[in-house]
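Engineer: Here's my sequence, what's the structure:
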Amino acid sequence: MKRELIGRKIRVIKSTNRAYMGITGTVIDETKNMLILDNGRKLIKENIFIEMDGTVIDGKKIVGRPEDRIKR
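Structural biologist: Prediction:
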């Protein structure tokens, strides 16, 4: 997964934390372990599966600093 997530609309489709299910929003910041959405929600990457642009992404595959992920 080499795409930038900041500025993209996402939707949580599966999560180990039931409170995350169905959350939608635009990613405004990203840390090593979290996605921060425009609605103030903070999502732990390791616990979620997200849908972005019609693609399902396992959060475990995007854990890490964004700048390092893009280099991979």
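Engineer: okay, CA-based contacts and neighbour counts for the rest of this
Structural biologist: OK.
Engineer: in the protein, which segments are predicted with low confidence?
Structural biologist: For the chain, residues meeting the criterion pLDDT under 70 lie at 1, 70, 72.
Engineer: could you pull out the strands for it?
Structural biologist: If DSSP state E is used as the criterion, the strands of the chain fall at 9-15, 24-30, 34-37, 42-44, 48-52, 55-58.
Engineer: Would you format the ones you listed as a markdown table with distance to Arg69 and mean neighbour count included?
Structural biologist: Putting the strands of the chain into a markdown table (distance: least, CA to CA, whole Å; neighbours: other CA atoms under 10 Å) gives the following:
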| stretch | distance to Arg69 | mean neighbour count |
| --- | --- | --- |
| strand 9-15 | 18 | 19 |
| strand 24-30 | 12 | 18 |
| strand 34-37 | 14 | 20 |
| strand 42-44 | 16 | 18 |
| strand 48-52 | 17 | 19 |
| strand 55-58 | 14 | 14 |
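Engineer: centroid residue for the protein?
Structural biologist: With distances taken as CA atoms, centre = their mean, Leu35 lies nearest the centre of the chain, 5.1 Å away.
Engineer: For it, name its beta-bridge partners.
Structural biologist: On the basis of DSSP bridges, Leu35 is bridged to Glu30, Leu43.
Engineer: Next up, the contacts around it.
Structural biologist: For Leu35, the contact set (CA atoms under 8 Å, 6 or more residues apart in numbering) comprises 27-29, 42-45.
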